[in-house]
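**Student:** coords please:
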Amino acid sequence: MSKAYETERLIIRNYQYDDWKAIQALAINKETSKFAKYDITWPTSDDECKKMVKFLSGTDFFWAVCLKEDGQLIGLIAFNSIDENRMLDIGHLFHTDYLSGDIMFEALQRMVQYVFDELEVDRIGAHNVAEWTEQIAPLKSLGFTPIDDDPGHLGITKEDWEKRNK
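**Tutor:** Numbering: from 1, shown residues only. You can find the predicted model right below:
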């Protein structure tokens, strides 16, 4: 059964197979942007993007971030893993048209709340290259702080999240 969560401007939902063209557009945008150097290479061919969306769909680990007004897929939020210390590793990537402003903040805020409400985790962490400030900014705004003195490895505990969001 497909899940979806709403914010004021977004619908965050499970991936569906017919999202492959939107994933392809997101991948091409990423690979042709100045941010490509900060992340692994994403596939961009039709066949590779169809395989990618097949991998992304049917699970609650990968989330399509879509504009509520027209359904356009503008980003991805991934729950990469949960370690033995009950820390979830979260990742996100958004189309470069949505890096400024607060769209990423809005999407991440909703999904961080989902994680702490629905999953048995004590902390959320995110690994980013410190120089990718556009990627890190919404995490810092949500209260994520450096882990192990690494400015690109940020995290927040469930306790700190709850204190901030009373």
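
**Student:** And for the residue nearest to residue 14 when sequence neighbours are not counted, the neighbour number?
**Tutor:** Excluding the flanking residues, the one nearest residue 14 by Cβ to Cβ, 6 or more residues apart in numbering is residue 2, at 4.7 Å. C-beta coordinates here come from the backbone N, C-alpha and C atoms, glycine included. Residue 2 has 10 neighbouring residues, counting by other Cβ atoms under 10 Å.

**Student:** shaky segments in the protein?
**Tutor:** Applying pLDDT under 70 to the chain picks out residues 1.

**Student:** can you give me the helices in it?
**Tutor:** 20-31, 46-56, 103-118, 133-141, 158-164 (DSSP state H).

**Student:** who wins for proximity to residue 12 among those helices?
**Tutor:** In terms of Cβ to Cβ, the element of those nearest to residue 12 is helix 103-118, at 6.0 Å.

**Student:** in that closest one, what's buried?
**Tutor:** In terms of neighbour count (16 or more other Cβ atoms under 10 Å), helix 103-118 has its buried residues at 103-112, 114-116.

**Student:** what's the nearest residue to residue 27 once chain neighbours are set aside in contact with, if anything?
**Tutor:** In this structure, residue 27 finds its nearest non-sequential neighbour in residue 42, 4.0 Å apart by Cβ to Cβ, 6+ apart. By Cβ atoms under 8 Å, 6 or more residues apart in numbering, the contact set of residue 42 is 26, 27, 30, 31, 52.

**Student:** What is the neighbour count of the nearest residue to residue 51 once chain neighbours are set aside?
**Tutor:** Computed as Cβ to Cβ, 6+ apart, the closest residue to residue 51 that is not its neighbour in sequence is residue 43, at 7.6 Å. A total of 15 residues lie near residue 43 under the criterion other Cβ under 10 Å.

**Student:** so residue 43 makes contact with residue 52?
**Tutor:** Yes: at 5.9 Å, residue 43 and residue 52 qualify as touching, with contact defined as Cβ atoms under 8 Å.

**Student:** which residues do these two both contact?
**Tutor:** residue 27.

**Student:** related to what we said a few turns ago, of the buried residues of helix 103-118, just say which sits nearest to residue 62.
**Tutor:** residue 111 (11.1 Å).

**Student:** mind checking how far the closest one is from residue 149?
**Tutor:** Applying Cβ to Cβ, to the nearest Å, the value for residue 111 to residue 149 is 26 Å.
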